[in-house]
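1. Next one to model:
(one chain, ligands or ions: 1)
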Amino acid sequence: MPNTRRSEELMARAERLFPGGVNSPVRAFRSVGGTPRVIERARGALLWDADGNELIDYIGSWGALILGHAHPEVLEAIGRAAQKGTSFGAPSQLEVALGETIVASVPSIGRLRFVNSGTEAAMSALRVARGFTGRPKIIKLAGGYHGHADGLLVNAGSGAAGIGRPTSAGVTAATAADTLVAPYNDAGRVAKLLADNPRQVAAIIVEPVAANMGVVRPARGYLEALRQMTIDDGALLIFDEVITGFRLARGGAQERLGIQPDLTVLGKIIGGGLPVGAYGGRAEVMAVVAPEGPVYQAGTLSGNPLAMAAGLATLRRLVPEVYGRLDDFGSVLEAGLKDGAHEADVEVQVVRAGSLLTVFFDDEARFARFFHAMLERGVMLPPSQQEAWFVSAAHGNEELRATLVAARAAFREVRG
Ligand code: PLP
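-> Numbers count the residues shown, from 1 in each chain. Next up is the predicted model:
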């Protein structure tokens, strides 16, 4: 068992300060039990905790770090930008450069606006959709996470379609009533919601490949059906590509799957590990945003030069060969995990889309045992099986071999 005394001491202090000891809930290990490791530093595919234990990282700052931690070119770009000032609250050259890079890469984005998080981007995209269409309601899909804006913390649960109920205290029933919920991968239920709410739905927001309920691929024809229904109805189609953008392909899932939404929500990778989000889409839709149009949205630190510089340095590195290598690593990891589970006679579903992967156990307790067995062997997985494993371009053969050795032993331990 690794020594984790220092992490435990720090978490005891953190518990006194922060709810659950953390500044974002999933970090708290509530679904797996135990005490989170407090991270001291990171480089490439590796993390070191406060007690000096080395960990192979499959969280990657929840997908932001596609090049791995502390990439030298990203660090240099941040340093260079910082020397010139950390925030202007005025237009800057770096935001123009990153904006042009995104427009050139993501097929459906003609114009965009930078914000500071994926939450802000999704919330703003919905406001734009409502402002553009003049309609009040939105449709989201059960289990889909699009950040913590009130109207998106709604999930009818157990796959029931209809008016959403809040999944968080503090969200009013009135807010939730404007959010309609359908099960993922069921186009018929979305069609029914549209038919039951004529000219009421401003937008459907969907992760084109779901990565917050484990990884779930879209069923054949599903996204195409959503695209056609929204065109017919006059609602907008919003792809939340906060995770999939610049990860499944340079142009995101929309490039890989060949479907163009009206609006796209981005975050994570476009900030290279600094706080960024963006929303963008067709020029005539984006024209409703202030100061050109009547939909207000603003931000003191939006387009922050350090974040723009980190994003630019990251996107510059994302050439086609990188996606090939991420895919190769993912496919060997997937096969190795399936073999390991099979050898140990443990029932799991391994689902992968490019460098996103899920190992799903039939019960949470088994996942918790697997998670801790991996952690003890130096592999840091997301502490919930609803969250995807994120592979980075810094993960190499050595990490792959060590991960699969650990996984074989962990699967045997789970079988017990
Ligand atoms: N959308 C998706 C698909 C996400 O996975 C997340 C966060 O994980 C968000 C939106 C919210 O992004 P942020 O955490 O930057 O607010």
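
2. Can you report how many residues lie near the closest residue to Gly354 other than its chain neighbours?
-> Once flanking residues are discounted, Gly354 sits nearest to Leu248: 4.7 Å by CB to CB, 6 or more residues apart in numbering. Quick note: C-beta positions are derived from backbone N, CA and C, even for glycine. The number of residues packed near Leu248 is 25, by other CB atoms under 10 Å.

3. what separates Leu248 from Asn53, distance-wise?
-> 32 Å (CB to CB, to the nearest Å).

4. Which SSE is immediately downstream of the lowest-mean-pLDDT helix or strand in the chain?
-> Within the chain, no helix or strand scores below strand 162-163, which has a mean of 58 by mean pLDDT, DSSP states H and E. Later in the chain than strand 162-163, the nearest helix or strand by DSSP states H and E is helix 173-177.

5. as a whole number, average confidence for that following helix?
-> Mean per-residue pLDDT for helix 173-177: 91.

6. Could you give me the buried positions within that helix?
-> Thr175, Ala176, Ala177 (16 or more other CB atoms under 10 Å).

7. what's the burial count for Asp328?
-> 12.

8. element containing it, please.
-> Going by DSSP H and E, Asp328 is part of helix 320-343.

9. Same question for the next helix or strand after that helix: list its buried residues.
-> Next along the chain after helix 320-343, taking DSSP H and E as the criterion, comes strand 348-353. By neighbour count with 16+ other CB under 10 Å, strand 348-353 contains the buried residues Val348, Val350, Val351, Arg352, Ala353.

10. how would you label Arg113: helix, strand or coil?
-> strand (DSSP: H, G, I helix; E, B strand; the rest coil).

11. what's it in contact with, if anything?
-> Arg113 sits next to Ser124, Ala278, Tyr279, Gly280, Met286, Val289, Gln297, Ser302 when contact means CB atoms under 8 Å, 6 or more residues apart in numbering.

12. go again using 10 Å as the cut-off
-> Arg113 makes contact with 99, 120-121, 124-125, 128, 277-280, 286, 289-290, 297-299, 302-303 under the criterion CB atoms under 10 Å, 6 or more residues apart in numbering.

13. How about Thr133?
-> Arg199, Gln200, Val201, Ala202, Ala203, Asp233, Gly234, Ala235, Leu236, Asp262, Val285, Val288 are the contacts of Thr133 under CB under 10 Å, 6+ apart.

14. And the pLDDT for the first one?
-> Among the per-residue scores, Arg199 holds a pLDDT of 97.

15. pretty sure it is touching Asp232, no?
-> No - judged on CB atoms under 10 Å, Arg199 makes no contact with Asp232 at a distance of 11.8 Å.
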